[in-house]
Each structure stands twice: as C-alpha cells, then as structure tokens.
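Visitor: Quick one, what's the 3D model for this:
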Amino acid sequence: YLAAAARYESAQERAVEAITSYAAAAPAVMALADAVEQVRAANPSLVEFGGRPLLANLTSRITSDSAGIYLLPGAETHDGAAVILRSSEPPKHLPLPGFSRGAVGKKVVELLGDTGCTRGVCEWLWDTVTEPLLKELSGTTDWVVVPTGHVGMLPLHAAGSHSPRIAGDSRTSRGWIDDHVTIHVVPSLLSLGNEIGAPPASGTPLVAVSEATDLRFLDADRAIATGLIPGARLLEGDISPDTVLRALVDTPTAVLSGHASHSLVEGGGLAFGQDLPETGGEPVSRWLTAEAIERLPLRDRNLIVLSSCSSAQIAIDLPDESIGLPAAFLGAGFTSAIATVWPVRDPVAFVTLARLLQQRAARPQQPPSEALRQTRRWLRTATRDDLQIWLDALEFDVQLPAELVELLRRWWADCPDLHPLAYPRDWAAFSCTGL
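Guide: Numbers count the residues shown, from 1 in each chain. Model prediction:
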C-alpha cells in the first residue's frame, strides 16, 4: 500500500509539472485502489480502510443553520460549480459561470505577485462565487467552505467591493461578504469535531515571538498577547522550531508572531532565528513548517494565531490536498487557526491581533471565525478618531512600548484617508481556517 501511495503521489506531481498528463496517472490510481482492496481483504476490521466518506458522515458535521459548500472550479476554461450540503436536504449543484481553473490560477498569480491587485481579486470573487451563493443561500449566514485546488489560495472572506458596477450592468451594487455571512474555511468537512476522543490539552497558553529586528511591533505583540490571554506563558530567548514544538505539545491556545515565508511546495513557514551551521555538519533550519507540526500529538485544543506574513497560504504541489500551516495545526487538534493570506504591514498586524484578542477576551465563547469577522469589519470601518480612542482605552488594559504607541498616533493623525485601514490589503489580511 505504501509503495502504491508513493507512486500515486509521484504521478500527481508529474501531472502538476506538466511532465505527463493527468490521464497518464490513471494506472497509479488503479494500483492504489487495488492495494486498498488487498488491505481490506486482509483484516475484517479494516473494511472501511481507504473508503470515500459517506454523505451522511459529511452532513452530520453541519448544523441546521449552516451550509457546507464545496467549491469546484471547472477544468481549464470551463465553468465551475458549488456543491451545497445541508443537514436535512439532498445535495445541490450550483453552476458558477467563469469559475474555471484557468481563471483561479490567474487570480492567484495576481495576488501573489502584487497585493495592489487585491481589490480586483476581491471583486472577481464576489461576482463569480459569493454573490451567486448569497442568492442561493438566502437567510443562511454560516458557511462552512471547502475550497478545492488552488481556490484555497484566494481570500474568500474578502470578496466584495464598494466600487459601483460598470455602466449597463443590471446587477445590484457590490458589498462585502463579511457584512453578510461568517465563512469557515476547512480542508474537509471531516476536519470538524473531535470524534476520536482526543485528550484535552492540559498545558498553559503559549506566546512565542521571534527575534526579528526589522519588525518593530513584535514587542507590542508580546505585550498584547501576554496581557489579554490569561495565564499565557512567554517563550523568550533564542528559540528554535524544536523549542516551539516542545512548548506546543500540550498547549490549548497559542500566538506565534514574527517572520514567515510562503513556499509553493511546503506552504507557509514560520521563522525562529536564522539558519545556523551545525557543528561539523549541515546547517540547522530555523523554519517551522507543516511537516514539522505533524509531529505534534493530537489533543483537543482551541485557537492558534499566526501573526506572520502569508502564514495561511497553502502549497500547490498536489491538486487534491491542502498542505500548509493552518491545516497542519487543525490536524494537531486546534479547532481554529488564524493566519495571514499575504504580506501584512507590521503595525496593521499588531492592531488586528490586539483587536482580535480583545474580542476573544470579551466573548470567550464566540467562535474564532466570528470574532475575526467582527475584527475585520471594525478595521474596515474605523475612522482616524475611532482608532485614536481605541488606542487610549487599550493603554489602560495593557502596558505598551511608548515609542510604538507614538508611531501609531502619528500614522493615524497624518493619514489622508478618513478610514486608514479600509483597503483590503489591511483589514482582510487575516483569515480563519476551522471553526
């Protein structure tokens, strides 16, 4: 089985690289299916091994006031579709004209190449995906979305715009999807819940911040996370990925902040220190990746926040897998992982983190996805005066570095825009994977 699985993965990778066609991968698919059947035949207790999920197993994860949505772009330039699952209704197929793999790939390239293209990507997502879904799911305000393929690299939570339609367009004016629904992005509906009875994480909350000297607001991140998360333990000094992993073993809640990088092969990676040479050997990597996180034991955990650039992005190696930091942390038992979908400015990341943790402290039972949605809406609509008043109140609760507070005040006082964080590149930088 392992040999067949390795050949199947290799065939997928060759197809992705256009070395061979997807049709050429068919023998590897059939060989893997044969291996699965041999495993099932060898032991009656493994009769479900490798089986496809039953529809009932998927719909059982969806609450009565929610909708499960699989987003399926069409091949090449063909139209795509959404498959909508409800707890008490048969599945529904909703055509999405213009939602093709080619169009999705173009938008991903635009987004990764220049965050100045964010507004155009957000408008396309509204017109092509979320507006048709809003009409179909009228009255349902809780969406559990499973993006397939490269759709997972797009900011579904930021779909929309306040720009008027072009002349002659009969459709209504765009809005922002955050003003209508809460979106939970998950790698699979099967990732919801803790059916296997994982033991609860019995440790204390963790705050780990890298020593990146070019990020001026990391000291403010430390202050806000330790000040607003009761009992949080601060991991200090020259920390490494292994140090962080050991600290995460029984952690129910965590905030990891600092530098990150996105790899198309491994997804996001968090940097803790620099790559250092091992005595008499190879350099020791200081990158914490999804592969390393998979070493964590499964525990029943709550929320992890990754306040680092592009930490939510996934790898594109395999067309039917979601490989990246958020999915890896969900696999370790966290119900939610909040991270960024593109590079975010240092002060914006701090303001987002501070407002989110305030929201969580005030409403601890609120799902993290809803807390983040409320945070994004506040960021988008806050005026210069609103931000100054908010910072005044924050200083009463948490002791912040004075020079960083002064930087924020000068920024907002000198900003020509009434709403300093109204551009999607700022307010929509963070997304939530999970509940």
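
Visitor: Can you get me a residue count around residue 308?
Guide: Per other CB atoms under 10 Å, the neighbour tally for residue 308 reads 27. For glycine as for every other residue, the C-beta is placed from the backbone atoms N, C-alpha and C.

Visitor: To which secondary structure element is residue 238 assigned?
Guide: Taking DSSP states H and E as the criterion, no element holds residue 238; it sits outside all helices and strands.

Visitor: Also residue 198?
Guide: Using DSSP H and E, residue 198 sits within no helix or strand.

Visitor: could you list every residue that touches it?
Guide: Contact analysis of residue 198 by CB atoms under 8 Å, 6 or more residues apart in numbering lists 298, 299, 300, 333.

Visitor: same check, this time on residue 215
Guide: 258, 259, 346.

Visitor: Also residue 301?
Guide: Residue 301 makes contact with 201, 251, 252, 253, 332, 333, 334, 335 under the criterion CB under 8 Å, 6+ apart.

Visitor: Unless I misread the structure, residue 94 falls within a strand.
Guide: Yes. Judged by DSSP: H, G, I helix; E, B strand; the rest coil, residue 94 forms part of a strand.

Visitor: distance of it from residue 144?
Guide: 15 Å (CB to CB, to the nearest Å).

Visitor: what does residue 197 give?
Guide: The gap separating residue 197 from residue 144 is 22 Å, by CB to CB.

Visitor: So which of the two has more stuff around it?
Guide: Neighbours around residue 197 and residue 144, counted as other CB under 10 Å, are more numerous at residue 144. The numbers are 24 against 7.

Visitor: gap between the more buried one and residue 427?
Guide: From residue 144 to residue 427 the distance is 23 Å (CB to CB).

Visitor: Check residue 303 too.
Guide: In terms of CB to CB, residue 303 sits 20 Å off from residue 427.

Visitor: how about residue 143, phi and psi?
Guide: Torsion angles at residue 143 (phi, psi; degrees, to the nearest 10) stand at phi -110, psi 130.

Visitor: Do a quick rundown of the strands in the stretch 151-300 of the chain.
Guide: Secondary structure of the stretch 151-300 of the chain (DSSP state E, counting those that start in this stretch): strands located at 182-185, 206-209, 233-235, 254-257, 260-263, 267-271, 276-277, 283-284, 287-289.

Visitor: of all the contacts of residue 215, which comes closest to residue 398?
Guide: residue 346 (17.6 Å; CB to CB).

Visitor: Just give me the neighbour total for the spatially closest residue to that closest one that is not a sequence neighbour.
Guide: Closest residue in space to residue 346, ignoring its immediate chain neighbours: residue 217 at 4.7 Å, by CB to CB, 6 or more residues apart in numbering. By the criterion of other CB under 10 Å, residue 217 has 25 neighbours.
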